[in-house]
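Peer 1: What shape does this take:
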Amino acid sequence: MQGHDVRAAGLMGQLRIALRAYASEGHRPDAVLSRASRFLHGISDEDPADPRFATCVYVEVDPANGVLDIARAGHPDPAIRMSDGTVLTRPTSGGLPLGIDPDADYPTTRLALESGETMLICTDGLIETGGHDLDSGWRRLREILEDHKGDLEELADTLVQAVHGPSSHHTTGPLIDRREDDIALLLLCREDEGCGCGDTVLVPAPVRRTMLTVAQAEPERIAVARQQLRELLHDWTSPDQLDSAVLLLSELLTNVLVHTDSDALLVAEITGQVGERRLRIEVTDTGDDLPHKRRPGELASSGRGLVLMELLAHAWGVDPRGEGKSIWFELYESVDGAGDGSWSP
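Peer 2: This is a model prediction of the structure:
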């Protein structure tokens, strides 16, 4: 809630009651936030000279399969720590903070929490306190999330202590000046044997995976997909292969948006041990036309997708589906650089 005065506390209390009521009625996350925004806008109008707004994130969880439906209102994106310790921020659609526009929309993003993965949701107070901006603050949190080996309670304490120091409520000295904003955080783990949620040892899993949908109306999410892939491959031994993977991914996603009327679903997966891993990237759409290789001229601005696939990928293919198709490619990690699947213009 904007502000730290008595009125802000009172409005926040009313907003929490309203959110619980809308959720208990069975509304979806987008509807819960839309109703809450109208509610806050209405009670804020009682004092037009002092309008207020609040940020919020609403998550609906299915414990059986780990599916998360997330709606955001001016809140930071969640972060996911995979079972091997890799940490990715998960881009989700969002809307304005609650109370600003009574007619604002809050689109819902669906994610899947895999076995052994942990999700962090927090306010910007945890990220930015101590003079950090969003980028440097996330880097600080990522280091903590990747290095931590204890349970969730210990992880929560470690995250807060990284900002305030131990026993933050009684801290004196330099750390006391770093308490610049309220902090709230939520950790959610999908338990797996040895996942680190309740055990003291983090056991690496053989698979690292990320999924992302790129809609026809959101071509800018291709850049998000590229960044997600770079984060997924943060410890890949060949920089040339990383660049090749990002280039091929851009080609596949762009082709879906240009040559079909459907959205693109990206699944990127890494399997195997470091130095001998396999990267498999699959882009699925509902278009009927299968791609075919063309021979573009030197000045052509398109038509090179499958040509690049042959040059850069160790393996690739097109799989027809009941509705649409899936185009995939694979790169195989090699420490000595043999068959590195790289290309130079």
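
Peer 1: Residue ranges in the stretch 201-345 of the chain under the pLDDT threshold?
Peer 2: 201-206, 290-305, 335-345 (pLDDT under 70).

Peer 1: Helices along this protein, start to end?
Peer 2: For the chain, the helices defined by DSSP state H cover 6-24, 29-44, 124-128, 134-147, 152-164, 221-232, 239-259, 305-312.

Peer 1: Looking at these, which is nearest to residue 97?
Peer 2: Among the helices of the chain, helix 29-44 comes nearest to residue 97, with 8.2 Å by CB to CB. (Each C-beta comes from the backbone N, C-alpha and C, glycine too.)

Peer 1: Report all helices and strands that that closest one contacts.
Peer 2: Under the contact criterion of 3 or more CB pairs under 8 Å, 6 or more residues apart in numbering; DSSP states H and E, helix 29-44 touches helix 6-24, strand 56-62, strand 67-73.

Peer 1: Identify each buried residue in that helix, please.
Peer 2: The neighbour-count check on helix 29-44 (16 or more other CB atoms under 10 Å) flags 29-41, 44 as buried.

Peer 1: domains of this structure?
Peer 2: Listed domain ranges for the chain are 23-189, 207-332 (source: automatic domain parsing).

Peer 1: Switch those over to JSON lines; also include distance to residue 11.
Peer 2: Formatted as JSON lines, these follow (distance: least, CB to CB, whole Å):
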{"stretch": "domain 23-189", "distance to residue 11": "6"}
{"stretch": "domain 207-332", "distance to residue 11": "33"}
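
Peer 1: Which of these sits closest to residue 12?
Peer 2: domain 23-189 (6.8 Å).

Peer 1: How far does the closest one sit from its chain's centre?
Peer 2: Distance of domain 23-189 from the chain centroid (CA atoms, centre = their mean, to the nearest Å) equals 12 Å.

Peer 1: Stretch 324-333: which residues count as buried?
Peer 2: Applying 16+ other CB under 10 Å to stretch 324-333 flags 324-325, 327-333 as buried.

Peer 1: Restricted to strands, list the residues you listed.
Peer 2: 325, 327-332 (DSSP state E).

Peer 1: Show me which of the residues you listed is closest to residue 313.
Peer 2: Scanning these for proximity to residue 313, where the rule is CB to CB, the winner is residue 329, at 3.9 Å.

Peer 1: Show the end-to-end separation of stretch 41-54, please.
Peer 2: 10 Å (CA to CA, to the nearest Å).

Peer 1: thought residue 44 was touching residue 51?
Peer 2: Yes: contact criterion CB atoms under 8 Å: residue 44 and residue 51 qualify, at 5.1 Å.
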